[in-house]
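> The sequence isn't on hand, but the structure is:
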């Protein structure tokens, strides 16, 4: 049995009672976060997975929405090569914004060949706040097109 002073027990009971009362009031608690992930992939003509990919993890809570992290991949690449990627986003009806400048890719040995990967952000409920329908895109330096996905 844990023993504590009457003052500590009273503080704990008071805090628990206050928390229970707040939780019992309709609308007093915030809506829970919903974490989602969207992926877009350019398939390799020879099969075997994505040639290029963009992944965005985002969250929303009620009307608030934010991008936690973005990931870009490209394969196959030559071992020892130096590649850079960037990402950006466009909210509906607005101008494009840079999500991150050029960042050096990590070259990784996959099961069949080497691939490049870059990620931005910390995850969690961080990053820029954006509305539904925002386009998130990534691009590797030297590629002419962006690979985009749309947040739901």
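Noted; the coordinates are in hand. This one's a predicted model, so the numbers in the text were calculated from it and none came from an experiment.
> which residue ranges form the strands in the protein?
Assigned by DSSP state E, the strands in the chain fall at 34-43, 50-61, 64-77, 84-90, 96-104, 106-109, 114-121, 135-140, 147-150.
> now the ones you listed as CSV including mean pLDDT and mean neighbour count?
(C-beta placed from N, C-alpha, C; glycine too.) Below are those laid out as CSV (pLDDT from 0 to 100; neighbours: other Cβ atoms under 10 Å):
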stretch, mean pLDDT, mean neighbour count
strand 34-43, 85, 13
strand 50-61, 90, 20
strand 64-77, 90, 20
strand 84-90, 96, 20
strand 96-104, 93, 13
strand 106-109, 93, 12
strand 114-121, 93, 20
strand 135-140, 96, 22
strand 147-150, 94, 18
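> quick one: which of those strands is nearest residue 127?
In terms of Cβ to Cβ, the element of the strands of the chain nearest to residue 127 is strand 64-77, at 4.1 Å.
> Rebuild the strands of the chain as a markdown table, extending it with distance to residue 129.
Shown next, in a markdown table, are those (distance: least, Cβ to Cβ, whole Å):
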| stretch | distance to residue 129 |
| --- | --- |
| strand 34-43 | 15 |
| strand 50-61 | 10 |
| strand 64-77 | 5 |
| strand 84-90 | 11 |
| strand 96-104 | 12 |
| strand 106-109 | 28 |
| strand 114-121 | 13 |
| strand 135-140 | 13 |
| strand 147-150 | 17 |
